[in-house]
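Engineer: after the sequence you'll find the predicted model.
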Amino acid sequence: MKTKILHIVTLSEMGGAQKIVYHLAAGNDGNSFDVEVACAPGGELIGWLRKLKVRVIEVPGLKRNISPVYDLRAFWRLYLLIRAGGYDIVHCHSSKAGLLGRLAAGLAKVPGIYFTAHGWSINEYQSFPVRYFYTLLERMAGVLSTKIVCVSREGLSRGLKLKIAPQKKFVLIYNGLPEPEKGKNGLLRKELNIGDEDLIFGMVARLAEPKDTMLFLKLAEQMIKSSKGFGAKPEDKTRRPGELYFVLIGDGPQRGACRAFIEDRGLAGQVFLLGTRENAAELIRDFDVFTLFSRWEGLPLTVIEAMLAGRPVVASAVGGVGELVAQGETGYLVKPGNREEAAMALGKLAGDKGLRLSMGEAGRRRARELFSLKAMVGKYRELYLS
């Protein structure tokens, strides 16, 4: 008899946790597991899963922010779903679904209750009362958990330090991604009319406070204004090769602020805000350098995508990023919020094509070895069967 599994993730919009849920569902051979997914309505994940013939249950009450009314509705909907579904395992992803889903599964007496901490909801930027409250919630959910999966060693260490659960409940499983399909580079450069000899610094992230997108834009302004190419327009055919361009892919609550910064500082034409793109992993192939200046992280899939694309990475040394990027070998790690360090790292790579290529290739080898989709799916399979 197949093991019946329900994955619960808060939102269905494109993001790291959603991609992991998708890959776990797609990696199911159909012989051992019967997989279903519950999530908020309206996002790309639903279409991806339905193409795989995976049953998706939309839960309108699931929302990112705390809302007592919606949270109670979502909890009750999940409880009724789980109680009627006869699931052997309920596997929760993301903070809100992690709490509501585990509480509902515990009340419904599900034999196996799993939670993947893609990134703890507790961080140093919060006030002490907020950190304390979230810690209590995580500990309460930890009591109900059969296993808690951490996606980085740093995340596992933090979970133990916060006393979320006993050590025996924690498991380390790195995120993994498939090898990118072979395809032609140049889609992004063609769209934006950027020459092959020009340099593109890119970032793919949700435009929200944790990702520090404003640091990326301030670096763009600093580097562009110090280069000879400042002020060039995409339609200007006389510009010199080697100009600098900055591309930000993603959407979120800070989109308006990002757009205003670009317009107010006269950066339009060399800094591009593209919004959400389903083919972001493909567009990364046209970056010369990938950046991610997060204030806190789990184990970001966008960095793995950049490494698999053979691109050097400059990123904040937060969360599990230091387990992805080998300092000075596949890219550079900088202190979060440190503009000077970030500018120095980008400057080194901007002026040395050989360094960009060697670091990118080293990153590709590292990602293939340590962060493969096959390894990740296999370890989750072992966890479920255990």
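Structural biologist: Everything's here; your move.

Engineer: drop to CA atoms for contacts and neighbour counts, all remaining ones
Structural biologist: OK.

Engineer: what about the closest residue to Asp288 other than its chain neighbours, helix or strand, and which?
Structural biologist: With Cα to Cα, 6 or more residues apart in numbering as the criterion, Asp288 has its nearest non-adjacent residue at 5.2 Å, and that residue is Ile200. Of the helices and strands defined by DSSP states H and E, Ile200 is found in strand 199-204.

Engineer: that strand pairs with which strands?
Structural biologist: According to DSSP bridges, strand 199-204 has the following sheet partners: strand 244-249 (parallel), strand 289-292 (parallel).

Engineer: just give me the neighbour total for the closest residue to Thr10 other than its chain neighbours.
Structural biologist: For Thr10, ignoring the flanking residues on the chain, the nearest one in space by Cα to Cα, 6+ apart is Ala97 at 4.9 Å. Per other Cα atoms under 10 Å, the neighbour tally for Ala97 reads 28.

Engineer: just the strands in the stretch 251-386 of the chain please.
Structural biologist: For the stretch 251-386 of the chain, strands defined by DSSP state E, counting those that start in this stretch occupy the ranges 271-275, 289-292, 313-316, 331-334.

Engineer: the residue nearest to Asp288: neighbour count?
Structural biologist: Neighbour count of Ile200, defined by other Cα under 10 Å: 26.

Engineer: contacting residues for it?
Structural biologist: By Cα atoms under 8 Å, 6 or more residues apart in numbering, the residues touching Ile200 are Leu244, Tyr245, Phe246, Val247, Asp286, Phe287, Asp288, Val289.

Engineer: determine which two of those residues are furthest apart.
Structural biologist: Farthest-apart pair in the contacts of Ile200 is Leu244 and Asp286; separation 13.1 Å (Cα to Cα).

Engineer: which residues in the stretch 151-300 of the chain form helices?
Structural biologist: Remark: helices assigned in the stretch 151-300 of the chain by DSSP state H, counting those that start in this stretch are 153-161, 187-192, 213-225, 255-264, 280-283.

Engineer: quick one: residues in contact with the shortest one.
Structural biologist: Counting contacts by Cα under 8 Å, 6+ apart, the residues outside helix 280-283 that touch it are Pro180, Asn185, Leu187, Leu188, Val204, Ile249, Thr302, Glu305, Ala306.

Engineer: okay, now the domains of this structure?
Structural biologist: The chain resolves into domains spanning 3-176+373-385, 187-370 when parsed by automatic domain parsing.

Engineer: now those domains in TSV, with mean pLDDT?
Structural biologist: Written out in TSV, the entries for the domains of the chain read as follows (pLDDT from 0 to 100):
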stretch	mean pLDDT
domain 3-176+373-385	95
domain 187-370	92
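
Engineer: ok, then the element right after the regular element (helix or strand) spanning His7?
Structural biologist: Assigned by DSSP H and E, His7 belongs to strand 3-9. Going down the chain from strand 3-9, the next helix or strand is helix 16-26, by DSSP H and E.

Engineer: so who does the residue nearest to Thr10 touch?
Structural biologist: Taking Cα under 8 Å, 6+ apart as the definition of contact, the neighbours of Ala97 are Ile8, Val9, Thr10, Leu62.

Engineer: quick one, phi/psi of it?
Structural biologist: Backbone geometry at Ala97, expressed as degrees, to the nearest 10, gives phi -60, psi -30.

Engineer: kindly report the same for Gly86.
Structural biologist: For Gly86, the backbone dihedrals are phi 60, psi 40 (criterion: degrees, to the nearest 10).

Engineer: repeat for the one 10 residues further on
Structural biologist: For Lys96, the backbone dihedrals (degrees, to the nearest 10) come out as phi -70, psi -50.

Engineer: neighbours of it, how many?
Structural biologist: One way to gauge burial is a neighbour count; for Lys96, by other Cα under 10 Å, it gives 21.

Engineer: and if you look at the one 4 residues further on?
Structural biologist: Taking other Cα under 10 Å as the criterion, the count of residues near Leu100 is 23.

Engineer: equivalent analysis for the one 5 residues further on, please.
Structural biologist: Counted by other Cα under 10 Å, the residues lying close to Ala105 total 28.

Engineer: what sits against it?
Structural biologist: The neighbourhood of Ala105, defined by Cα under 8 Å, 6+ apart, consists of Tyr79, Ile82, Arg83, Val90, Ile113.

Engineer: state the distance from the nearest residue to the third one once chain neighbours are set aside to Arg102.
Structural biologist: The shortest distance from Arg83 to any non-neighbouring residue, by Cα to Cα, 6+ apart, is to Ala108 (5.3 Å). Using Cα to Cα, to the nearest Å, one gets 10 Å for the distance from Ala108 to Arg102.

Engineer: the two - which one has more neighbours?
Structural biologist: Arg102 (30 against 18).

Engineer: distance of the more buried one from Pro68?
Structural biologist: When Cα to Cα is applied, the distance between Arg102 and Pro68 equals 17 Å.

Engineer: which of the three states applies to Tyr79?
Structural biologist: Following DSSP: H, G, I helix; E, B strand; the rest coil, Tyr79 is assigned to helix.

Engineer: my bad, should have said Ile113
Structural biologist: strand.
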